[in-house]
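**Student:** build me a structure from this.
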Amino acid sequence: MTVTAGVVGSALAIGFIWPNTAPPENTKPTGGTVKIAAPPKHMPLKLRDRAAALAVASRFIDTAVARKNVDRAWGLVTPTLHAGYTRKQWDTANLPGIPPFPVAEARWRLQFSDAKGIGFTMALFPTKASHQQAQVFMIGLHKVGAGTHRHWLVDNWQAAPTTASQVASGGGGATGGVFDQISPRVSATSAKAKESPIWLLIPVGLLSLALLIPAVIAGTNWYRDRRARALFGE
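**Tutor:** Take a look at the predicted model:
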């Protein structure tokens, strides 16, 4: 017992007295200053670009989301959005990442416009026969190509953080209902940007001229005839 106690005591003494030969651990912070990426710079959105982007978004909704002629949607999205799908899966509407929705009408609100692309909040209204509730989604697009071939493609489609009950009741907005904020309708044929109302006067003016010119000519001829008769005493 005394021998054992002596051995243990010697081991403890060596542990305290003998210097640590392991290299010292570097406890100083490494990697330098942490850099936080700045958010993309806001870019003003031209009416022409907005109209073109909405037209692409409309065709995407009418095909991929509504599950009508889904094969036509392949060329409307970026490789990022159809990643994981084969062309056969896409064409046969096997798209678990894009839930189907029986779209009867869509309304939009601009969400952002920056150097990387643009985003819209889309409110989708279902067909009456489907007996579903309206839903809100977010869609993102960015331009690809160069020069005259530059065009918009869809690169993001996801459900917005709005519950179905909020959409159905019109609640969920800070200044009113969800659809008070998402009001303009969008379709493949009506996605053109709104122009000044003065353009509506052009066809009206042309129609008026078409009716007025013959009347002026007839009046002028009548006046000349009457004056001629007066000069010659007829």
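
**Student:** where does the prediction get shaky in this structure?
**Tutor:** The chain contains residues with pLDDT under 70 at 1-40, 162-211, 216, 218, 221-234.

**Student:** which stretches in it count as helices?
**Tutor:** With helices called from DSSP state H, the chain shows them at 2-17, 47-60, 87-91, 164-169, 178-181, 201-231.

**Student:** contacts for the third one?
**Tutor:** Meaning helix 87-91. 70, 71, 73, 74, 82, 95 (CB atoms under 8 Å, 6 or more residues apart in numbering). (Glycine included, C-beta is placed from N, CA and C.)

**Student:** out of those, who has the most neighbours?
**Tutor:** residue 73 (26 neighbours; other CB atoms under 10 Å).

**Student:** how near is that one to residue 95?
**Tutor:** For residue 73, the distance to residue 95 equals 9 Å [CB to CB, to the nearest Å].

**Student:** now do residue 50
**Tutor:** For residue 50, the distance to residue 95 - CB to CB - is 27 Å.

**Student:** can you give me phi and psi for residue 133?
**Tutor:** Dihedral angles of residue 133 (phi, psi; degrees, to the nearest 10) stand at phi -90, psi 160.

**Student:** can you get me a residue count around it?
**Tutor:** Using other CB under 10 Å: residue 133 sits among 13 other residues.

**Student:** ditto for residue 153
**Tutor:** The local packing of residue 153 (other CB under 10 Å) involves 21 other residues.

**Student:** count of neighbours near the nearest residue to residue 56 once chain neighbours are set aside?
**Tutor:** Nearest residue to residue 56, sequence neighbours excluded (CB to CB, 6 or more residues apart in numbering): residue 152, at 4.6 Å. Using other CB under 10 Å, residue 152 has 21 other residues around it.

**Student:** out of the contacts of helix 87-91, which comes closest to residue 118?
**Tutor:** Distance to residue 118 across the contacts of helix 87-91 (CB to CB) is lowest for residue 73, with 18.7 Å.

**Student:** surely the closest one meets residue 61?
**Tutor:** No. Counting by CB atoms under 8 Å, residue 73 stays clear of residue 61, with 9.2 Å between them.

**Student:** quick one: the residue lying closest to residue 97 once chain neighbours are set aside from residue 100, how far?
**Tutor:** Counting by CB to CB, 6+ apart, the nearest residue to residue 97 once its immediate chain neighbours are dropped is residue 84, at 7.5 Å. Going from residue 84 to residue 100 by CB to CB gives 17 Å.
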